[in-house]
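What would the 3D arrangement of this be:
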Amino acid sequence: MLSLRTRLITITLITITMSWVMGIAFSATAGWLTAVSCLALLLIHQLWHASKFTALLLSPSYGEVPVAMGIWGEIYYRLHKLVKGWRDQVLEVEHQHQRFIQAIQASPNGVVMLNEDDQIEWCNAIAEKHFGLNARRDAMQRITHILRKPAFVQYIIRQNYREPVKLTGMGDFEQFSLEVQIFPYGDKQKLVLSQDISQIEKTDAMRRDFVANVSHELKTPLFTIQGYLLTLLDGAMEDKNIRTKYLERAEKGVERLIYIVKDLDMITKLEVGEINLDVTRFNIVEVIQNVFDLFEMKASNKNITLTFDSRYSKPIWVMADQEKIQQIVTNLVVNSIKYGKKGGTTEVSIEDLINNKVIVRITDNGEGIEKQNIPRLFERFYRVDKSGARSEGGSGLGLAIVKHIIEGHDEKIYVESQIGVGSEFSFTLEKTK
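This is a model prediction of the structure:
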């Protein structure tokens, strides 16, 4: 391809040659007219392309490269190549920007970008939820005009951002707590990060309750044992009847301690997955009947009837750990007796579900459970009746163990209850032939 200089020299030589030829053939005037005409046409051609080139540069959207010959073809080609390179760079920057935005939007934490005047430049969706913001509506608004919590306003004013600030009572409907920290960056700009710590606070509260409950559960039988032993040491040892009675009561306290420790050990192993399930095929009707036989006398003391909802003349085969399922049925039946009313009924039904499942329902007509207590029933040591439950015995871990065993089988457990009407606990099992 000829260079721009070579092309200009070539055009000039062609024009001079044509003028010289016309001058020889006709006259000097004709030669000059030919030269002027050629130069005029060349000038018009250049002006037309210059106008087109200017319009192209001023166009907001650069289209396809114009078709042209000679110098302007090369100019258009080089411009097109240059613009394409710029476009590719811009697209790459935009792509990186979008990936950055998507990454921040995917973050579980709230992110707000503030300028040097603490005005909101941008925020992600989580920050909108945390602070009640709207990214478009609140753009360039001072954040303290929207988030008016005194703790946060003071945090901004003091400009001591080494530690986060805790904000409670956030949200219009569902209340939650936030941990917020500011990180200065760039030219006096600030990055506000927020984290929902409601679940962490709930876990901490559950941990504190667990420690307090373990302490109480262990302390009660220990103090009972200590009381009987001290009484014996203070002189009651000489009376055979008192000695026997007190030693028997102390032994019951020891048995309760062992019971609590065993349940603690079991639930710990269930939570960390150390207990393996021995899954076999067995008749669930037979397991329930065995539990009825074991606790028939306990139920009769309160004149409670243990019964099936109908006669199950044929076996219902399921696949599960038979010992663990019997433990579940035992716990639920004992609870129905413990909290059932005198002269009441504990009824068990077994129903077919879709996808080769059965559901076992254990229903009583006892005192029932208040609605606000139902979500916490399966927590360790949680008791609906804080006083009466301990007089009935138990470790307070039964339902927590039941839930872990059911989840270990990849099954579900449900609770329905109404005060004064009764309760129904139900769980699913895999049915087999």
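
And E416, how far from D265?
Counting by CB to CB, to the nearest Å, the gap from E416 to D265 is 31 Å. C-beta: built from backbone N, CA, C; applies to glycine.

neighbour count winner among the two?
E416 (15 against 11; other CB atoms under 10 Å).

Kindly give the local confidence score, pLDDT, for the more buried one.
Looking at E416, its pLDDT stands at 93.

That one pairs with what?
E424 (DSSP bridges).

hang on, isn't it packed against G422?
No: at 9.3 Å, E416 does not count as touching G422 under the criterion of CB atoms under 8 Å.

number of nearby residues for E367?
19.

Sticking with it, tell me its helix or strand.
For E367, there is no helix or strand it lies in under DSSP states H and E.

out of everything not next to it in sequence, what's closest to it?
Y339 (5.8 Å; CB to CB, 6 or more residues apart in numbering).

Could you do E323 as well?
D278 (7.1 Å).

Which residues are in contact with that neighbour?
D321, Q322, E323 (CB atoms under 8 Å, 6 or more residues apart in numbering).

Repeat the analysis, applying 10 Å as the threshold.
A320, D321, Q322, E323, K324 (CB atoms under 10 Å, 6 or more residues apart in numbering).

Report the residue ranges of every domain in this structure.
Annotated domains of the chain cover 4-100, 108-196, 204-272, 279-431 [automatic domain parsing].

Can you say which of those domains is packed in most?
Highest mean neighbour count of these: domain 279-431, a mean of 17 (counted as mean count of other CB atoms under 10 Å).

follow-up on the earlier one: ramachandran coordinates for the residue nearest to E323?
phi -100, psi 80 (degrees, to the nearest 10).

Let me see the ranges of the strands in the stretch 101-250 of the chain.
Under the criterion DSSP state E, counting those that start in this stretch, the stretch 101-250 of the chain carries strands at the ranges 110-114, 120-123, 165-170, 176-185, 189-196.

what about Y185, distance to E74?
The spacing between Y185 and E74, counted by CB to CB, is 47 Å.

re the thing from before, and the pLDDT for the residue nearest to E323?
At D278, pLDDT is 90.

again, but for the one 10 residues further on
I288 is assigned a pLDDT of 95 by the prediction.

if we can go back for a sec, would you list the phi and psi of the residue nearest to E367?
According to degrees, to the nearest 10, Y339 has phi -100, psi 10.

before we move on, what about D309?
The phi/psi pair for D309 (degrees, to the nearest 10) is phi -70, psi -20.

now the helices for the stretch 151-300 of the chain?
Assigned by DSSP state H, counting those that start in this stretch, the stretch 151-300 of the chain shows helices spanning 198-233, 240-272, 284-294, 296-300.

Now render those as TSV, adding distance to F308.
Output for these, formatted as TSV (distance: least, CB to CB, whole Å):
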stretch	distance to F308
helix 198-233	34
helix 240-272	29
helix 284-294	7
helix 296-300	14
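
quick one on the thing from earlier: any idea which of the domains of the chain scores lowest on pLDDT?
Among the domains of the chain, domain 4-100 scores lowest, with a mean of 66.

who touches both of E416 and G422?
T363, G368, I369.

separation between the second one and S423?
This points to G368. Distance from G368 to S423, by CB to CB: 6 Å.

Now do the shared contacts for these two.
Joint contacts of G368 and S423 (CB under 10 Å, 6+ apart) are Y339, E416, S417.

okay if I get those residues as a markdown table plus distance to E179?
Shown next, in a markdown table, are the shared contacts of G368 and S423 (distance: CB to CB, whole Å):
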| residue | distance to E179 |
| --- | --- |
| Y339 | 41 |
| E416 | 37 |
| S417 | 36 |
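
backbone phi and psi for D410, please?
According to degrees, to the nearest 10, D410 has phi 60, psi 40.

Closest to the centroid, which residue in this protein?
Central residue of the chain (CA atoms, centre = their mean): P108, 8.1 Å from the mean position.

check contacts around that residue.
I126, Q195, D196.

ok, for the first one, nearest residue in space, not its chain neighbours?
Of all residues not flanking I126 in the chain, G110 sits nearest, at 4.4 Å (CB to CB, 6+ apart).

beta partners for that neighbour?
With DSSP bridges as the criterion, G110 is bridged to S194.

So it sits against L193, correct?
Yes: applying CB atoms under 10 Å, one finds G110 in contact with L193, separated by 6.8 Å.

which residues do those two both contact?
Common neighbours of G110 and L193 (CB under 10 Å, 6+ apart) are A127, V180.

P150 versus the closest residue to Y155 other than its chain neighbours, what's the distance?
Take Y155 and drop its neighbours on the chain: the residue closest to it by CB to CB, 6+ apart is V165, 4.4 Å away. For V165, the distance to P150 (CB to CB) stands at 10 Å.

repeat for K202
Relative to P150, K202 is positioned 25 Å away (CB to CB).

Equivalent analysis for Q159, please.
Q159 is 16 Å from P150, by CB to CB.

T307 touches T345, doesn't it?
Yes: counting by CB under 10 Å, T345 is a contact partner of T307 at 6.5 Å.

Which of the three states applies to the residue nearest to Y414 when sequence neighbours are not counted?
Nearest non-adjacent residue to Y414, counting by CB to CB, 6+ apart: S426, 4.9 Å away. Of the three states, S426 takes strand under DSSP: H, G, I helix; E, B strand; the rest coil.

sorry, back to before: same list, the contacts of P108, but as JSON lines with distance to R99 please.
Shown next, in JSON lines, are the contacts of P108 (distance: CB to CB, whole Å):
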{"residue": "I126", "distance to R99": "18"}
{"residue": "Q195", "distance to R99": "23"}
{"residue": "D196", "distance to R99": "25"}
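
Which one of those is nearest to L332?
Checking the contacts of P108 against L332 with CB to CB, the nearest one is D196 at 35.3 Å.

Spit out the contact partners of Q181.
Y155, Y161, R162, E163, P164, V165, L191, V192, L193, S194, Q195.
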